[in-house]
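Q: structure for the following, please:
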Amino acid sequence: MAKYKEAAVVVLDVGPHMANPLPCLRKAIFLLAEGKLLNNAQHEVAVVLFGTTETENEVYKEFIKEGGDASAYKHISVIQPLMCPDLGCLGKINNITCGRGSSDHVSALLVGIDLIKKAIEARKLSGKRRILLFSTYDSEVEELDAEYRDTIINELSKIGVSLEGYGVGDGAPARSPEAASNRERNLQGLHDLLAQVSGSYKALPTELQMSALFTLKHTAGTAAKHTLRIGSTCKIEVEVYKKTAKENVPSLKMYNVPAAAGGSGIVKRETEYRAPSNLDRAVAPEEKTKAYRYGHQLVPVHDDFVLKYTTGKLLELVGFTDANNVPRWHYTGECQVMVGQTPVTARALSALVQALHRQKKVAVLRMAATAKSEVMLLAGTPCPARSAAQDQQDCLLLNKLPFSDDFRQLAFRSFQDEHPTKQHLRPTLEQKAIMHQLVHSLQLAPNISAAARLTAGGVQGQEQLKPEDTLNPMMQRFYWFIGQRALDPQYQVPDASEDLLAAAVLDQKPADQLPLTAQRALEALPSNFDISAQEQQLTTTAFGAAAPAAASAASADAGPAPVLAADEGGVRLVSAVGTAHPVEDFNTLLESGLLDQAFSGMQGAIISLVDASLGARNYSKAAEAVQALRAAAVKHKQPAQFTSFLDKLRDSYKPNPGKRDFWKLLMQQGMAPISDDEVEGAGISNEAAAEYVRKHSADEEAAPEAPKAEAAPKEEEEDEFAGME
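A: Here you go, the predicted model:
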């Protein structure tokens with residue numbers, strides 16, 4: 001049984017006014033339930049809808065049975081009772097639609113409280129209890145009197161429920177003046193309620209905020225107990241928690257559909273090693289060992305653990321340094337947080353944290369997490385508690401520091417080192433001011449007062465892309481697809497353009513969507529900076545010719561820069577025409593203006609394919625490459641070079657019995673020289689080009705007749721053996 005359990009009751013407004021935000025909220029609630037199904041199977045979820053056309057809840061039935069007035073509980077439906085979520089629960093959430101009924105959030109809240117109360121009475125409902133209330137709060141609700149409000153407060157406190165309110169559209173314009181007045185009054189009542197119970201409130205002004213509500217996987221913090229040693233006499237018992245850890249998208253397993261009928265369908269992989277001297281015998285596990293490649297030989301290392309330097313479990317203070325000496329970009333790895341184990345040790349650690357904070361210092365510590373762990377150097381950054389009233393501790397944030405070997409040495413020229421003729425490249429004061437304005441206008445955390453932040457509608461004044469509030473779009477997209485595919489095996493991957501979260505976090509914004517101040521700063525750039533478009537010039541020298549004389553020797557030695565190419569296999573860098581994807585590489589280099597490199601590389605790739613071919617295995621790919629080369633020669637008006645290369649192929653492979661089939665394949669495809677009809681001035685008429693193919697095809701057909709004259713000796717040899725007795 002897991003130590004941590006949770007019961008969450010989602011109370012969602014589905015009235016007619018929720019038509020626009022409902023798809024985003026439905027997806028968020030779907031992911032909440034799916035995350036618990038996959039990662040916290042012991043958690044329980046219930047879903048209550050209000051504003052539905054029908055009525056389906058126990059409170060309404062009880063009031064009817066007792067003869068009371070249950071009109072307040074009409075148009076409220078419990079579509080998912082409080083239980084562990086399953087595929088049926090996901091299907092119900094996926095089918096949520098707007099209703100035509102009218103109800104209010106207070107009555108729906110009481111139905112949610114009733115679900116938790118009855119679950120507590122029926123069974124032991126341990127762990128955290130939450131009610132998540134989603135509504136626009138702009139419908140007319142009877143004003144709560146003090147007695148009714150106290151009843152709700154007592155019920156929430158009695159069963160230990162945390163109330164989380166989500167204001168759909170709060171911060172956006174209301175649909176009518178009456179709705180705006182209702183929202184203001186209802187939110188005031190909600191805030192009064194939250195002031196007396198455990199809970200929180202979050203405004204959801206746009207659909208983007210609605211799409212980024214819930215983390216799919218909650219990892220409970222696990223403490224590692226250490227003794228912080230300061231010198232030889234001072235010891236502080238502390239606990240170290242992992243604060244950040246990269247959450248990767250789950251990996252996919254190999255699956256076999258036919259095998260799934262009789263089992264799980266999971267494909268297992270087994271690796272077997274065989275020695276080159278005896279390929280018939282598998283090497284036993286005890287006969288293998290690790291080795292280090294030392295030049296051309298391997299040095300066996302039977303126990304690589306002995307090469308590590310270990311000190312046992314360790315946490316000690318080395319010294320202090322100015323905070324400026326440890327910039328954040330020196331941090332490597334994950335962040336950890338150190339707190340005291342007991343009130344006494346917490347007070348001792350707090351004194352250290354406060355001293356570091358006042359003097360703007362950072363502690364440098366040496367740590368080994370376990371007895372077999374490698375020793376790390378850590379920077380301990382002081383993090384004082386924001387408020388002692390909130391029961392927070394002062395703590396140290398631990399970040400791993402790099403060693404000298406971890407740094408990458410980068411040498412950049414300064415303006416002082418530039419040639420006097422290039423001093424004009426130094427930015428002027430005006431240019432610096434323009435860039436400063438651009439940076440200031442695009443900052444994600446606006447520097448505004450608290451009052452201005454409150455009057456900004458809760459949107460413009462908030463920091464954007466805060467790590468604590470920004471969900472991983474790829475994680476959300478992955479789980480959404482898996483959940484939909486589990487419900488519908490034919491479900492296809494949704495278009496990325498429809499994903500609001502991915503578009504907001506990952507997509508590049510057009511210039512016309514930037515803030516007005518940023519657009520003005522960008523418009524000022526051309527008049528203050530020498531900005532001009534540089535077009536690449538296509539060279540027209542012969543294939544494989546040397547670079548132009550204007551090119552420097554240094555650039556010639558360095559070679560052309562690789563070109564980025566994207567295809568169905570992914571993204572790759574292309575610096576030459578290879579034999580794996582010759583046509584794709586050739587076209588990529590042509591599009592980048594590297595004409596000489598493309599044509600010379602294509603010729604080499606074709607020859608390599610043919611020479612390395614076992615039989616006719618590579619002939620089709622090589623012939624396709626020749627076709628691409630010919631088409632490019634026509635497009636770039638280089639007929640003579642292609643004709644000379646075709647003659648080279650003829651001279652190399654037509655007389656060669658082992659490669660003659662490749663030349664025959666070219667002739668069957670009608671691979672003729674480029675004629676005047678295709679490129680003006682080619683020097684070959686259309687009739688001559690056609691005659692070239694006929695002539696060499698006829699020679700090819702006659703070529704196999706030559707060996708027939710040597711058939712007689714073979715027959716005589718057979719007769720000679722046949723006559724032996």
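
Q: which of the three states applies to the residue nearest the centre of the chain?
A: Closest to where the C-alpha atoms of the chain average out (CA atoms, centre = their mean) is residue 474, at 5.0 Å. Three-state call for residue 474 (DSSP: H, G, I helix; E, B strand; the rest coil): helix.

Q: so who does residue 468 touch?
A: Under the criterion of CB atoms under 8 Å, 6 or more residues apart in numbering, residue 468 has no neighbours. The C-beta positions use only the backbone N, C-alpha and C, and glycine is treated the same way.

Q: against residue 212, how distant is it?
A: 12 Å (CB to CB, to the nearest Å).

Q: can you give me the strands in the stretch 151-300 of the chain?
A: For the stretch 151-300 of the chain, the strands defined by DSSP state E, counting those that start in this stretch cover 161-168, 199-204, 224-230, 234-242, 274-275, 278-282, 290-294, 297-301.

Q: for these, which one sits closest to residue 267?
A: strand 278-282 (20.8 Å; CB to CB).

Q: quick one on the thing from earlier: looking at the strands of the stretch 151-300 of the chain, which is closest to residue 256?
A: strand 278-282 (24.3 Å).

Q: list the helices and strands the closest one packs on?
A: Other helices and strands packing on strand 278-282, by 3 or more CB pairs under 8 Å, 6 or more residues apart in numbering; DSSP states H and E, are strand 274-275.

Q: for the strand it packs on, which strands pair with it and how are they oriented?
A: Here strand 274-275 has these sheet partners by DSSP bridges: strand 278-282 (antiparallel).

Q: which residues are in contact with residue 106?
A: Taking CB under 8 Å, 6+ apart, one finds 141, 144, 152 in contact with residue 106.

Q: any stretches of the stretch 1-150 of the chain with poor pLDDT?
A: 1-4, 70 (pLDDT under 70).

Q: actually the stretch 551-700 of the chain, not the one I typed
A: Ranges of the stretch 551-700 of the chain meeting pLDDT under 70: 551-574, 698-700.

Q: what about the strands in it?
A: 563-567, 570-574.

Q: count the residues that sit near residue 665.
A: 17 (other CB atoms under 10 Å).

Q: surely it and residue 624 touch.
A: No. Contact criterion CB atoms under 8 Å: residue 665 and residue 624 do not qualify, at 10.6 Å.

Q: my guess is residue 208 meets residue 501, correct?
A: Yes. Using CB under 8 Å, residue 208 makes contact with residue 501 at a distance of 6.9 Å.

Q: higher neighbour count, those two?
A: Of the pair residue 208 and residue 501, residue 501 is the one with more neighbours under other CB under 10 Å, namely 23 against 15.

Q: please enumerate the helices of the stretch 201-350 of the chain.
A: Using DSSP state H, counting those that start in this stretch, the helices found in the stretch 201-350 of the chain span residues 207-211, 257-260, 343-359.

Q: chain center to the first one: distance?
A: It refers to helix 207-211. For helix 207-211, the distance from its own C-alpha centre to the chain's C-alpha centre is 19 Å (CA atoms, centre = their mean, to the nearest Å).

Q: what is the mean pLDDT for that helix?
A: For helix 207-211, the mean pLDDT works out to 88.

Q: only alpha carbons, please: show stretch 104-113 as CSV.
A: C-alpha atoms of stretch 104-113 as CSV (Å, rounded to 0.1, in the frame of the first residue of the first chain):
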residue,chain,number,x,y,z
ASP,A,104,-24.9,27.3,-9.5
HIS,A,105,-21.4,26.5,-8.2
VAL,A,106,-22.5,26.5,-4.5
SER,A,107,-25.0,23.6,-5.0
ALA,A,108,-22.5,21.7,-7.1
LEU,A,109,-19.9,22.2,-4.3
LEU,A,110,-22.2,20.7,-1.7
VAL,A,111,-22.7,17.7,-4.0
GLY,A,112,-18.9,17.3,-4.1
ILE,A,113,-18.7,17.5,-0.4
